[in-house]
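>>> Show me how the following folds:
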Amino acid sequence: MKHTNKETLARGVKFLAGALPLAFIGPAVIFSAFNNQDKPLYWPILILGLLACAGAIFLMFLGIKTLMKALFND
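Numbers count the residues shown, from 1 in each chain. Presented below is the predicted three-dimensional model:
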């Protein structure tokens, strides 16, 4: 299905909007995990924070890629 430039631009902005909360939540969760290394949930919380950071990076990549596609029209 062919999207117009406006729709593609909106998709890119949505990807970036989804990445924004993850970009703040991920490091906060990782910081919390490192402050509680003696607790039994250290590893699951650390993995959750790392996954949130990886998700933010992935969504930022998709968002910027989609924005570039909309702006420069392959």
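>>> Helices of this structure, residue ranges please.
5-35, 42-72 (DSSP state H).
>>> where does the chain have low pLDDT?
Scanning the chain with the threshold set as pLDDT under 70 gives 1, 74.
>>> Could you pull up phi and psi at the residue of it most remote from its centre?
When distances to the mean C-alpha position of the chain are computed (CA atoms, centre = their mean), the maximum falls on residue 38, with 28.6 Å. Main-chain torsions, residue 38, degrees, to the nearest 10: phi -80, psi 0.
>>> Please apply the same query to residue 37.
Here is the backbone geometry of residue 37 (degrees, to the nearest 10): phi -70, psi -20.
>>> Over to residue 41?
Torsion angles at residue 41 (phi, psi; degrees, to the nearest 10) stand at phi -90, psi 20.
>>> Neighbours of it, how many?
Neighbours of residue 41 under the rule other CB atoms under 10 Å: 10. No exception for glycine: its C-beta is placed from N, CA and C like everyone else's.
>>> what's the distance between the residue most central in space within the chain and residue 2?
The C-alpha lying nearest the average C-alpha coordinate of the chain belongs to residue 56 (CA atoms, centre = their mean; 1.6 Å). Distance, residue 56 to residue 2, by CB to CB, to the nearest Å: 29 Å.
>>> And for residue 59?
In terms of CB to CB, residue 59 sits 23 Å off from residue 2.
>>> Next: residue 55.
Distance of residue 55 to residue 2, computed by CB to CB: 28 Å.
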